[in-house]
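Participant: Model the structure of this input:
(2 chains)
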Amino acid sequence: MAKTYITTAIPYVNGAPHIGHAMDYCLADTFARYARLRGDEVRFQAGVDEHGNKIFQKASSLRIPVQEYVNKNAQSFKDFISDLNVSNTDFIRTTDVEHVRRCQEIWTRLRNHIYKAKYEGWYCSGCERFVTQKEHDENHGICPDHAKAYEKLSEENYYLRISDFKEQIKKAIETNEMRILPEFRKNEVLALLDESPDVSVSRSTVQLTWGVSVPDDDTQVMYVWIDALSNYITVLGYPDQDISAWWPAAAQFVGKDILRFHAIIWPAMLLGLGLPLPKVILSHGFVLANGQKMSKTIGNVVDPMDVLQRHGIDAFRYYFLRHVDTFLDSDFTWDKFEESYNNELANDLGNLVQRLAAIMAKNNLEYSAEQEYCFSGEYIKLMDDFEFARAFDLVWEKVRAINRQIDEKKPWELAKAGKNSELAECLKGLVARLLTVNYELSPFLPNVTGKISEIFTGNVRPPETPLFPKEQKK
RNA sequence: CGCGGGGUAGAGCAGCCUGGUAGCUCGUUUGGCUCAUAACCAAAAGGUCGUUGGUUCAAAUCCAACCCCCGCAACCA
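Facilitator: Okay, here's the model as predicted:
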């Protein structure tokens, strides 16, 4: 049995889960479910990134111990993942003691590629962070948030020598040994790679305390990179356990904003450890609200829990997997969401199940599946290429085709004419088709497809409440 | 000349790589059906494919220039 390892980006837990996280989970979960049905044994990681100043400050401002704060937030992400019906097998927290220990071991193993150097730059004591020369110039040397002049500050940090691996990474990307999806991001990454400087991987404990200590140097704490990125392998037990059965990952799902780190820093770490590179890094787009990026300042943020509560999990997954482009940015609007729910889920699929089940129930017919379900070649091709929205479109065309067929075959006429065996034969064929489609639909909509299978097992009865109830018109 | 994405019917998109009567979904209009969640099926209307020029028998598609939106530029998915 083939082993498949799938990862999702670990969100920084200084806030509530948002729509973007959901995007990551829905895509990865669909692929995981697809892989399982294809016969693979799947390991599927999810988790949270819990270190860093922002979290430390947030906890302080709330006057609660930081560990307590991250515990609470980690739980809210766990709940969120479970609400989305994500089939992850592992959940990692960067504050897990095992992660911390393994992470330090990874640092030690990378030591040949890490060096200490002095960093000098503009620093805002209000923001507690360094700003780029460009940002400094654009703001004319004064922080707009704090109306304070930037100070010139220097600090000693550890750096990871990206230059040791640039050529290898470049080659891996160019040859698709490590495939960057979508294709158009590949050139972007290659261009970035050329200019990539060595990356600072630690902070002085004066600046940052809430993090993993650097081995043998108690004045420094690991900055996000080595701490967070290594989660993908520490969760598998590296370096204590042999991870070669699972690693390299079949696919790592990330948002487009963090692609660069996953395509440059992460491969550098892996090469430094002598590990193979992931087969695919898939970067998805953002979900926009009316063409604009969701932002707290604009106030156009759509809370995923609101969407989830509206029509439930299947409607949620349906929208984000079909109407949100897998790779490009797409809009979320309530109008579109409602439209897709009413027209497609309720009218196309829900009503299809209803009409078939109703006519079978009226005629006291039973159904037992005789065939082994399998995916169509076209479907497999699209899914293997991570073209989820297109695969979904393909399946939906089949849903509509069954509705068409019912109209063509007019089973109600057979019923009226008392042609019982013909009727049974006709309906059996239609249900068989529906269940084949249902199977291809199941990686996308695990809940409702399960219900549909049940409805058409044994004595067929329509669901007591519609699969996708519509609001009563006033 | 920083990098990238996009500009195709009222809306959202496909087609562009590998030129050959402009396609899908929603919406609109009309008709059909009645098994079904006022659902389903069919047909019609609606486009100078961002602009200009070039290559070609033929350009949404290839080439050049330009215009307009939108992202990214050390950590917001």
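Participant: Now A:C26: which helix or strand?
Facilitator: Assigned by DSSP states H and E, A:C26 falls within helix A:19-37.
Participant: next one: A:L308
Facilitator: helix A:304-311.
Participant: Other residues contacting that helix?
Facilitator: For helix A:304-311, contacts defined as C-beta atoms under 8 Å, 6 or more residues apart in numbering pick out A:17-19, A:21-22, A:80, A:83-84, A:316, A:319, A:332, A:337, A:341, A:345, A:468. To be clear about C-beta, it is placed using only N, CA and C from the backbone, and glycine gets the same treatment.
Participant: Wondering if stretch A:82-100 reaches RNA strand B at all.
Facilitator: No: Stretch A:82-100 is not in contact with RNA strand B by C-beta under 7 Å from any atom of the strand; minimum separation 12.2 Å.
Participant: Pull out the buried residues from that stretch.
Facilitator: Under the neighbour-count criterion of 16 or more other C-beta atoms under 10 Å, stretch A:82-100 has A:83-88, A:91-96, A:99-100 buried.
Participant: Nearest to A:Q405 among these?
Facilitator: If you rank the buried residues of stretch A:82-100 by distance to A:Q405 using C-beta to C-beta, A:N85 comes first, at 30.5 Å.
Participant: What backbone torsions are found at the residue in chain A positioned nearest to RNA strand B?
Facilitator: Residue nearest to RNA strand B within chain A (C-beta to the nearest atom of the strand): A:G255, separated by 1.0 Å. Its backbone dihedrals place A:G255 at phi -80, psi 160, with angles given as degrees, to the nearest 10.
Participant: From what I see, it and A:A9 are in contact.
Facilitator: Yes: under the criterion of C-beta atoms under 8 Å, A:G255 makes contact with A:A9 at 6.2 Å.
Participant: Overlap in contacts, these two.
Facilitator: A:D24.
Participant: can you give me the angle the helix holding A:L308 makes with helix A:19-37?
Facilitator: 60 degrees (axes from the mean of the first three to the mean of the last three C-alpha atoms, to 10 degrees).
Participant: Can you report phi and psi for A:T465?
Facilitator: phi -110, psi 150.
Participant: Can you give me the buried ones in the helix holding A:C26?
Facilitator: A:19-35, A:37.
Participant: any idea how far A:R260 is from A:I173?
Facilitator: 12 Å (C-beta to C-beta, to the nearest Å).
Participant: what do you get for A:Y158?
Facilitator: Distance, A:Y158 to A:I173, by C-beta to C-beta: 26 Å.
Participant: Redo the buried residues of stretch A:82-100 as a markdown table? Include pLDDT and secondary structure.
Facilitator: Below are the buried residues of stretch A:82-100 laid out as a markdown table (pLDDT from 0 to 100; DSSP: H, G, I helix; E, B strand; the rest coil):
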| residue | pLDDT | secondary structure |
| --- | --- | --- |
| A:D83 | 93 | helix |
| A:L84 | 94 | coil |
| A:N85 | 94 | coil |
| A:V86 | 96 | coil |
| A:S87 | 96 | coil |
| A:N88 | 96 | coil |
| A:F91 | 96 | strand |
| A:I92 | 95 | strand |
| A:R93 | 95 | strand |
| A:T94 | 94 | coil |
| A:T95 | 94 | coil |
| A:D96 | 95 | coil |
| A:H99 | 96 | helix |
| A:V100 | 95 | helix |
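Participant: farthest-separated two in the residues you listed?
Facilitator: Longest span within the buried residues of stretch A:82-100, C-beta to C-beta: A:N85 and A:V100, 30.4 Å.
Participant: thinking again about what came up before, now list whatever residues contact both of A:R260 and A:I173.
Facilitator: Going by C-beta under 8 Å, 6+ apart, residues that sit against A:R260 and also against A:I173 are A:V189.
Participant: what's the distance between the helix holding A:C26 and the middle of its chain?
Facilitator: Relative to the centre of its chain, helix A:19-37 is centred 6 Å away, using C-alpha atoms, centre = their mean, to the nearest Å.
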